[in-house]
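J.: Just need the structure, nothing else, for what follows:
(chains A and B, ligands or ions: 2)
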Amino acid sequence: MAEELLEVKDLRTVFYSDGEAIPAVDGVSFGLKKGETLGIVGESGSGKSVTSLSIMRLIPSPPGKVVGGSILFKGQDLLEKTDSDMRKIRGNNISMIFQEPMTSLNPVYTIGKQISETLMLHQNLSKKEATDRAVEMLKLVKIPLPDKRIKQYPHQLSGGMRQRVMIAMALSCRPELLIADEPTTALDVTIQAQILEIIKELKEKTGTAVILITHDLGVVAEIADNVLVMYCGRAVEYSSVRNIFFNPRHPYTSGLLNSIPRVEGPKKKLQAIKGVVPSPNQITKGCRFKTRCDYVHKRCMDEEPPLLEVGQSLVRCWRYCGGGECDG
Amino acid sequence: MGVQALLKYIIKKIVTMIPVLVCITVIVFLILHLAPGDPVDLIVGPNVTPEVYENIRNKLGLDQPLTVQYFKFMSNLLRGDLGTSILQQRPVSEIIIERFPVTLELGLSALVISFAIALPAGIIAAVNRNSWPDYACMSGALVGMSMPTFWFGILLMYFFAYKMRLFPISGYGTLRHLVLPAFAMGLTDAAVTARMVRSSMLEVIRQDYIRTARSKGLAEKVVINQHALKNALIPIVTLLGLRMGWLLGGSVILENVFSRPGLGRLIVDSILARDYPVVQGAMIVLTASIMAGNILADILYAVVDPRIKYN
Ligand SMILES: Nc1ncnc2c1ncn2[C@@H]1O[C@H](COP(=O)(O)OP(=O)(O)OP(=O)(O)O)[C@@H](O)[C@H]1O
Ligand SMILES: [Mg+2]
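T.: Ligands and ions are numbered 1, 2, ... in the order given. Okay, the predicted model is just below:
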């Protein structure tokens, strides 16, 4: 069995507002082996970005803070690293691609400078070597005319091109872990497919482990090995991609599955999950999904279910208490 | 950006300056000639025969209609001739060449002092937002902003020249003469600039690309002093052109406080003496240099912001 690369245990990240700590990620655990891909899905506000920024130790502070848990990367807790040790890991062992390709590149530096900067910092390359490597990276992400592009500024590139540059930059030091936070959300559908294809291809080529964050379960089906479904800062289901698709347990997971259009199979009516995600300060006792769940019953109102082991899945739902249905 | 594009841009800017300069000459000319007071009176004194008076008026060309005087003045100007001083009886250009460096020296050293203080202060304030370094810098800036430059100049003069005798009280010539007026002007300007740097930095620091820079593992020093600062300077450089005008024009008062024989002092003295040609010449040179400052700022702007194209 492959070595465990990342182990997040009981991660808790809060944001302080008016002296009150509002949890954005509340006791999330998951793991990732070398070369593996984990999909994290969930609606807006479920804490996906906060989880990834916590791993990078880039939670803006104030107002945010990681208040509990551990993040073991190759056996060492990132939360205990000094700032300078953490800087040696960022961009080198763990890289991140962000949700907003249009604004994530610095407008006053050329593409070349922004890629080679990372290489010069972590790999001790000379300027010339770093630039050559940057051109190579641009080729790898299939940017046409890389020699020309490298001298251009971000405003001269489209959103899709910029996201490719971000990928090139993130992978330039051959990180062991790439965190891609909704890398395609802001892009056109056709461009989305191209970007995902590139990530998939490079993942196979370099053996980088990937955490792919997305709203879109269809994307996850294509790349992920395991899937973590998040809701309101909690993990509600965590399992292999097969189980998630063929045997979804949590009503929220089923809801997400029913809301993606399918090309194959019998035509079914698309269903959006009713209601909206409660904001963190609206969370009361009981199951966090209770306001939107079709199977809600009395116990859900008062007590929050723990993560229950159901088959090979972990599910946070009272329906599976004791491995089967509960009567509450 | 190519050097050729840059040159074309500069030439274009200079061409657009010409109508403005012409307007300035008309305004200055009219104000001076329509204002009450008569230079001939000041030259010859009250006890003079009407013949002599008319004779001098005629010699100076002051008896001709205003339009004729103006066109004569302009045609001389186009030949690079700013006229002759009524009071000193020597070419205006000669006088200005003597005085202009005095003003430029003060304006530029004030600018250097201003940025040397405002950049670090503004950055420190922004990075430590809402904690004591921020409060310290911004209270200092508030004090500096609410104090008129001439008053600050007088205070510096009182303490450092009169009481402690570290610097000469007034005058011009050595570096020690420059220190007090340059700081009076530089510090008040730094107050405004530091506030601009702070707000511009705060805006930039929360941008996505700053998070990207951190995610690459760059040191905080590099993130702030390179990635953030270069963006934060864009609006500040844009305002630099306007500040040039302030720094050159604003020296009029300080030159009087510190008795520096600069362009500002020259203008005040010449207005009092109704020495029209000198006032006109000095105003034109001042205007032109403020415009040159604006062009310089535009060029800097295009240098720091790659999104700007010369057109
Ligand atoms: N800088 C911040 N200050 C205060 N609250 C924050 C901050 N960043 C995130 N949060 C809160 O944390 C919660 C989780 O946000 P997060 O950005 O992780 O959601 P997400 O799952 O990534 O959503 P999306 O799909 O929209 O990207 C949200 O409720 C949000 O209000
Ligand atoms: Mg997000």
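
J.: Roughly how far does residue A:302 sit from residue A:296?
T.: Computed with C-beta to C-beta, to the nearest Å, the distance linking residue A:302 and residue A:296 is 12 Å. All C-beta spots, glycine's among them, are computed from the backbone N, C-alpha and C.

J.: Show me which residues of the stretch 1-150 of chain B sit near ligand 1.
T.: Residues of the stretch 1-150 of chain B found near ligand 1, taking C-beta under 6 Å from any ligand atom as the criterion, are absent altogether.

J.: mind showing which ranges of the stretch 1-150 of chain B have poor pLDDT?
T.: Judged by pLDDT under 70, the stretch 1-150 of chain B has its weakly predicted residues at B:1-2.

J.: please redo it, this time with the cut-off set to 90
T.: Along the stretch 1-150 of chain B, the parts satisfying pLDDT under 90 run over B:1-89, B:100-108, B:111, B:129-130, B:134, B:137, B:141-150.

J.: Residue A:302 and residue A:296 - which one has more neighbours?
T.: Between residue A:302 and residue A:296, residue A:296 has the larger neighbour count (other C-beta atoms under 10 Å in any protein chain shown), namely 16 against 11.

J.: The more buried one reaches residue A:290, doesn't it?
T.: Yes. Using C-beta atoms under 8 Å, residue A:296 and residue A:290 qualify as a contacting pair, with a distance of 5.0 Å.

J.: Centroid-nearest residue for the chain?
T.: In the absence of a named chain, chain A is used. Central residue check for chain A by C-alpha atoms, centre = their mean: the C-alpha nearest the mean position is that of residue A:213, 2.9 Å away.

J.: could you do chain B instead?
T.: Taking C-alpha atoms, centre = their mean as the criterion, residue B:248 is the residue nearest the geometric centre of chain B, at 2.0 Å.

J.: Need the nearest residue in space to that one, chain neighbours excluded.
T.: residue B:107 (4.8 Å; C-beta to C-beta, 6 or more residues apart in numbering or on different chains).

J.: Check the burial of that neighbour by counting its neighbours.
T.: Applying other C-beta under 10 Å, we find 28 other residues in the vicinity of residue B:107.

J.: Could you give the average pLDDT over the helix or strand hosting residue B:285?
T.: Counting by DSSP states H and E, the element that carries residue B:285 is helix B:276-304. Here helix B:276-304 scores 83 as its mean pLDDT.

J.: How about the contacts made by the residue in chain B that ligand 1 sits nearest to?
T.: Here chain B gets closest to ligand 1 at one residue, residue B:206, 9.4 Å apart by C-beta to the nearest ligand atom. For residue B:206, the contact set (C-beta atoms under 8 Å, 6 or more residues apart in numbering or on different chains) is empty.

J.: Please enumerate the strands of chain A.
T.: For chain A, applying DSSP state E gives strands covering A:4-17, A:20-33, A:37-41, A:64-73, A:76-77, A:94-97, A:177-181, A:209-214, A:226-231, A:234-240, A:308-310, A:313-315.

J.: Determine which of those strands approaches chain B most closely.
T.: Distances from chain B to each of those were compared using C-beta to the nearest C-beta; the minimum, 4.8 Å, belongs to strand A:94-97.

J.: thinking residue A:182 is in contact with residue A:97, fair?
T.: No. Contact status for residue A:182 versus residue A:97: not in contact, 9.1 Å apart, counting by C-beta under 8 Å.

J.: So for those two, which sits in the more crowded spot?
T.: In this view residue A:182 and residue A:97 are compared by other C-beta under 10 Å, and residue A:97 has more residues nearby, 27 against 22.

J.: Count the residues that sit near residue A:133.
T.: One way to gauge burial is a neighbour count; for residue A:133, by other C-beta under 10 Å, it gives 20.

J.: So for residue A:303, what's the nearest residue that isn't a sequence neighbour?
T.: In space, not counting the residues next to it along the chain, residue A:303 is nearest to residue A:286; the distance is 6.3 Å by C-beta to C-beta, 6+ apart.

J.: At which residues are the helices of the stretch 151-300 of chain B located?
T.: Under the criterion DSSP state H, counting those that start in this stretch, the stretch 151-300 of chain B contains helices at B:175-205, B:208-215, B:220-222, B:229-249, B:251-257, B:263-272, B:276-304.

J.: contacting residues for the closest residue to residue B:257 other than its chain neighbours?
T.: In space, residue B:257 comes closest to residue B:153 once its chain neighbours are excluded; the distance is 4.7 Å by C-beta to C-beta, 6+ apart. When the contact criterion is C-beta under 8 Å, 6+ apart, the partners of residue B:153 are B:180, B:181, B:184, B:185, B:254, B:257, B:258.
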